[in-house]
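Trainee: Sequence and predicted structure are below.
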Amino acid sequence: MLNIGIIGTGWFSKVHANILSEIEGVRVKAVCGTSTEKAESFALEFDGARGYGVLEEMLETENLDAVYVCVPPFAHGDIEMELISRGIPFFVEKPLAADLETPGRIISALREKPVITAVGYHFRYRDAAIKLMEELKGCQLGMVTGYWMGSMPAVPWWRNQEKSGGQFIEQTTHLLDLLRYSAGEAEEVTAVFGNKVMHEKHENVTVSDIGSVIVKMKNGTIATLTNTCILPDGVSAIGLDYYHDSGILKLNQEGLIKSERDITIKWKDRDNPYIRENRAFIQAVENGDSSGILSDYHDAYQTQKVALAALKSAETGVTVKLEDINKNIV
């Protein structure tokens, strides 16, 4: 029986905990929250689980085989370092942090003391993404356009630039990560962000609410990723469009659409990508083979670099080369 710990008591913690409770040979054994009361309330839903308000107490009391880290961007760092020091595998929800220094410190620790890791870039596990990768084989890809258009989450930390990193880091990172996965590594980034609407509608909004990012890939492909959080609740558009020498591949919220001369084919997502990513991590913890994990911490760190390059470009008004980012980090 694998004993799993959960850090965080929010919605994503519940998603993972519910999935884990349905996997044979796995049980949610402990939950750690910002207060013992929150953690105990969460733990009540899982047979035999206990709640804790202090991470070190949970790790010293429970014999955990792996831990899920589902906390806001600003709360990362010490948690992962503690898990690495104890040799405990961990699954962490995206983004890795609101900055680059925190995951850089964690990467250094992982080099010194490797543990199995996975990151919640669940788009990679979608049926649409799997089919996309198949369809792109043999194609000459030219351009990619992506868009994450939605509303602003109500939680106060999301609206704070220092705590969330802003929409591109907190949400659009999913598209950026799938772009890297499907179209290659980035060479340089140019970004423009703006504060158009939301700072007038709500107090203490320091994140941009509109933005556009151009990513030049090392293989010459050009990608444009745009996002906004000014839309009303319930209205959204999320996707990536791939333009290649045979036609267009459109990945949206429902699946994948292939358009070529006189041909249009649609594939809908069927399997739950959250279940896939959880099973991949659990299997790696069970047998030590992490080949089924599509996004580990080291790979997700590359996505974080590009996201922070975009943020730097928007702040400075100049194009940022990824080689310069690499020179300035460990």
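Mentor: Cool, got the structure. Numbers count the residues shown, from 1 in each chain.

Trainee: All the helices of the chain, residue numbers only.
Mentor: Per DSSP state H, the chain carries helices over the ranges 11-21, 36-43, 55-61, 78-85, 101-112, 127-136, 161-164, 167-170, 173-183, 198-201, 273-287, 297-316, 322-327.

Trainee: Tell me which of those is the most buried.
Mentor: helix 167-170 (a mean of 25; mean count of other Cβ atoms under 10 Å). (Glycine included, C-beta is placed from N, CA and C.)

Trainee: Now do the same contact list for Val115.
Mentor: 83-84, 87-90 (Cβ atoms under 8 Å, 6 or more residues apart in numbering).

Trainee: run the last query once more with 10 Å
Mentor: Applying Cβ atoms under 10 Å, 6 or more residues apart in numbering, we find Val115 in contact with 66, 80, 83-90, 109, 285, 297.

Trainee: Quick check: the farthest pair among those residues?
Mentor: The most widely separated members of these, counting by Cβ to Cβ, are Ala109 and Val285 (18.8 Å).

Trainee: Gly5 versus Asp209, what's the distance?
Mentor: 36 Å (Cβ to Cβ, to the nearest Å).

Trainee: One more: Glu185?
Mentor: 34 Å.

Trainee: who's more crowded, these two?
Mentor: Of the pair Glu185 and Gly5, Gly5 is the one with more neighbours under other Cβ atoms under 10 Å, namely 25 against 14.

Trainee: which residues does the nearest residue to Ala118 once chain neighbours are set aside contact?
Mentor: Excluding the flanking residues, the one nearest Ala118 by Cβ to Cβ, 6 or more residues apart in numbering is Phe281, at 4.1 Å. Each residue near Phe281 by Cβ under 10 Å, 6+ apart is listed here: 4, 16, 20, 66, 68, 89-91, 116-120, 290, 292-293, 296.

Trainee: Local confidence estimate at Phe281?
Mentor: pLDDT, Phe281: 98.

Trainee: Ok, the one 3 residues further on next?
Mentor: Here the pLDDT value assigned to Ala284 is 98.

Trainee: Could you tell me the per-residue confidence at the closest residue to it other than its chain neighbours?
Mentor: Nearest residue to Ala284, sequence neighbours excluded (Cβ to Cβ, 6+ apart): Ser290, at 4.2 Å. Predicted confidence (pLDDT) for Ser290: 97.

Trainee: With Asn328 instead?
Mentor: pLDDT, read off for Asn328, is 67.

Trainee: And for Gln304?
Mentor: Gln304 is given a pLDDT of 98.

Trainee: Can you tell me the closest non-neighbouring residue to it?
Mentor: That would be Leu96: by Cβ to Cβ, 6+ apart, it lies 5.0 Å from Gln304.

Trainee: Can you verify my assumption that Val92 contacts Ile84?
Mentor: No - if you go by Cβ atoms under 10 Å, Val92 and Ile84 don't touch, sitting 11.4 Å apart.

Trainee: What is the end-to-end distance of stretch 29-42?
Mentor: The first and final residues of stretch 29-42 sit 11 Å from each other (Cα to Cα, to the nearest Å).

Trainee: Done for today, thanks.
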